[in-house]
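1. 3D model of this:
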Amino acid sequence: MVMASLVLARTCRHWRLLWLVFPAVAAQAAAQQPGSAGAKRPKLEVLQALPEAQLFPLMNLIATSLGVRCDHCHVQANPDLSRTPSNLGGWAWDRDDKLPKRRAREMMKMVRDLNASRFKGEAKVTCYTCHRGSTQPSRLPPLPPAPGAGHTPAPTPLPSADRVLAAYLAAVGRGDAPASGTGTSIRGWDDRPEGRYGKFEVIVAGSDRYRLVLSLPEATTTQGLDGEIAWVATNDRVQRLASPADVARMRRIAMRYRAVKEQPRDLRVVGIERVDDRDAYVLQGKIDSITTQRSYFDVVTGLLRREITTTETLLLPLEEQVDYDDFRDVNGVQMPFRIRISDGAPYSTTTRTILEIRHNVPVDDSLFRPPATPR
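-> Numbers count the residues shown, from 1 in each chain. Take a look at the predicted model:
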């Protein structure tokens, strides 16, 4: 992802080189498109037109759907055993030595054909539909049936989206208006699987300026947003994120650390679901033509407890979930002191525990600009 997890995506990612059936000429043309997975990976047999940035997250979700890791399909020729299990490296992604990799291509063709013929090309059926975290799909439900499995609950009256959002704004609180030239500083611990701990510090100012410094054992990553300019720096390597989709994604990441999270237009209430054993109103809206957001607002407190962003791809949807917890009053504003981020890869699930939030901290505009590239 645009954030630090995209940098970590260059390490072990749970992915398989799968294929979709296109006419030969169209497939070759798609593979040559700038920014596509096929342009960077000439031996890729499927998903040639998929944006390169989506390839690793897509393979993460496929692996999680089957309950496997990278080595189920891929050859790890020269692993570095001194590193954490998800970061051993040494992958020979283009080798087809393993039968499961070849079998996976057949299964992806089946999924693609089924969606094309029955669901107008929409990814209604995915790997998880049948596999449910196992390499062997289940033919029958477990016995005995779950309690209440045959019961259809009565419909519950739902409030309007405007009413839910009004309750949300009232729950967050107003606080003092930020002074000119100031921002909000947030710092705390970043906790990931396999014993990876680090520190992070975030500064947000206004509606379009954001900076994160994340210090993990493997690297120090800085990312920022300055208006329409987004960037990521890992140690001495600076990358400008030029595409509108990357800038929009960075803007959504920055929004996680603001008191009030902006919501998509045309929201509608689609139901009530449980979040951490509490009822939440679920509001759904479109961010763009391929991206949908579902926001979960606590029925009792009104606070935002969860966001799920779903992006449609050539094969199956990508999902990212952000959970907000441990709300506390900070100068009259309710702020979450625990944020958990998950994108489908077990090793990249991130829990950020906030130690301190300070409002009206003086900030220099240069903080949000990309650092100069060393010569």
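2. The residue nearest in space to the middle of the chain: which element?
-> Residue closest to the average C-alpha location in the chain (Cα atoms, centre = their mean): residue 320, at 3.1 Å. Using DSSP states H and E, residue 320 sits within strand 318-330.
3. what lines up beside the helix or strand just after that strand in the sheet?
-> As assigned by DSSP H and E, the chain's next helix or strand after strand 318-330 is strand 333-342. Strand 333-342 has its sheet partners listed here by DSSP bridges as strand 318-330 (antiparallel), strand 350-362 (antiparallel).
4. So which bits of strand 333-342 are buried?
-> 333, 334, 335, 336, 337, 339, 340, 341, 342 (16 or more other Cβ atoms under 10 Å). Yep, even glycine has a C-beta here, placed from its N, CA and C like the rest.
5. Make sure the third one is actually in contact with residue 327.
-> Yes - if you go by Cβ atoms under 8 Å, residue 335 and residue 327 touch, sitting 6.7 Å apart.
6. most residues in a single helix of this structure, which one?
-> helix 99-118 (DSSP state H).
7. next one: it to chain centre, how far?
-> Centroid displacement of helix 99-118 relative to its chain, using Cα atoms, centre = their mean, to the nearest Å, is 24 Å.
8. so what does the next helix or strand after it touch, helix or strand wise?
-> As assigned by DSSP H and E, the chain's next helix or strand after helix 99-118 is helix 127-131. Contacting helix 127-131 under the criterion 3 or more Cβ pairs under 8 Å, 6 or more residues apart in numbering; DSSP states H and E are the following elements: helix 52-66.
9. Okay, now the sheet partners of the next helix or strand after the helix it packs on, with direction.
-> Once helix 52-66 ends, the next helix or strand along the chain (criterion: DSSP H and E) is strand 75-76. With DSSP bridges as the test, strand 75-76 is paired with strand 91-92 (antiparallel).
10. Residues contacting the strand it pairs with, please?
-> 12, 70, 74, 75, 76, 77 (Cβ atoms under 8 Å, 6 or more residues apart in numbering).
11. go with 6 Å
-> Under the criterion Cβ atoms under 6 Å, 6 or more residues apart in numbering, residues 74, 75, 76, 77 lie in contact with strand 91-92.
12. one step back: just put the strands paired with strand 333-342 in a markdown table and tack on distance to residue 290.
-> Shown next, in a markdown table, are those (distance: least, Cβ to Cβ, whole Å):
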| stretch | distance to residue 290 |
| --- | --- |
| strand 318-330 | 10 |
| strand 350-362 | 24 |
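13. what about those, which gets the closest to residue 190?
-> strand 350-362 (5.5 Å; Cβ to Cβ).
14. quick one: average confidence on the closest one?
-> Averaged over strand 350-362, pLDDT sits at 95.
15. Would you mind listing the buried residues in it?
-> 350, 351, 352, 354, 357, 359, 360, 361.
16. got the contact list for the third one?
-> Remark: with contacts taken as Cβ under 6 Å, 6+ apart, residue 352 is in contact with 188, 190, 339.
17. Where does the prediction get shaky in the chain?
-> Along the chain, the model assigns pLDDT under 70 to residues 1-34, 148-150, 153, 176-177, 373-375.
18. Show me where it has its helices.
-> Using DSSP H, helices in the chain cover 4-8, 24-31, 37-40, 52-66, 99-118, 127-131, 161-172, 244-255.
19. Kindly indicate which of the buried residues of strand 350-362 lies nearest residue 212.
-> residue 352 (10.2 Å).
20. ok, what's across the strand from the closest one?
-> The partner residues for residue 352, given DSSP bridges, come to residue 190, residue 339.
21. Can you tell me how far it is from residue 369?
-> 24 Å (Cβ to Cβ, to the nearest Å).
22. for residue 323, same thing?
-> Distance from residue 323 to residue 369, by Cβ to Cβ: 31 Å.
23. With residue 230 instead?
-> For residue 230 relative to residue 369 (Cβ to Cβ), the value is 11 Å.
24. Could you do residue 63 as well?
-> With Cβ to Cβ as the criterion, residue 63 and residue 369 are 37 Å apart.
25. These two: which has the busier surroundings?
-> More neighbours surround residue 63 than the other of residue 63 and residue 369, with 22 against 15 (other Cβ atoms under 10 Å).
26. Please report how far the more buried one lies from residue 51.
-> On the measure of Cβ to Cβ, residue 63 and residue 51 end up 19 Å apart.
27. Next: residue 241.
-> 13 Å.
28. Between the two, point out the one with more neighbours.
-> residue 241 (21 against 17).
29. quick one: contacts for the nearest residue to that one once chain neighbours are set aside?
-> Excluding its sequence neighbours, the residue lying closest to residue 241 (Cβ to Cβ, 6 or more residues apart in numbering) is residue 230, at 4.2 Å. Residues near residue 230 by Cβ under 6 Å, 6+ apart: 241, 246, 247, 250.
30. one more time with 10 Å, if that's ok
-> 2, 210, 223-224, 239-244, 246-251, 253-254, 370 (Cβ atoms under 10 Å, 6 or more residues apart in numbering).
31. Likewise for residue 366?
-> Counted by Cβ under 10 Å, 6+ apart, residue 366 has contacts residue 226.
32. Report how many residues lie close to residue 165.
-> Residue 165: 20 neighbours (other Cβ under 10 Å).
33. these two touch, right, it and residue 295?
-> Yes - the pair residue 165 / residue 295 is scored as a contact, 9.2 Å apart, by Cβ atoms under 10 Å.
34. Mutual contacts of the two, please.
-> Counting by Cβ under 10 Å, 6+ apart, the residues touching both residue 165 and residue 295 are 263, 267, 281, 283, 304.
35. Please name the nearest non-neighbouring residue to residue 181.
-> residue 362 (6.2 Å).
36. any idea how far residue 333 is from residue 45?
-> Residue 45 is 51 Å from residue 333, by Cβ to Cβ.
37. Residue 123 too?
-> Residue 123 is 39 Å from residue 333, by Cβ to Cβ.
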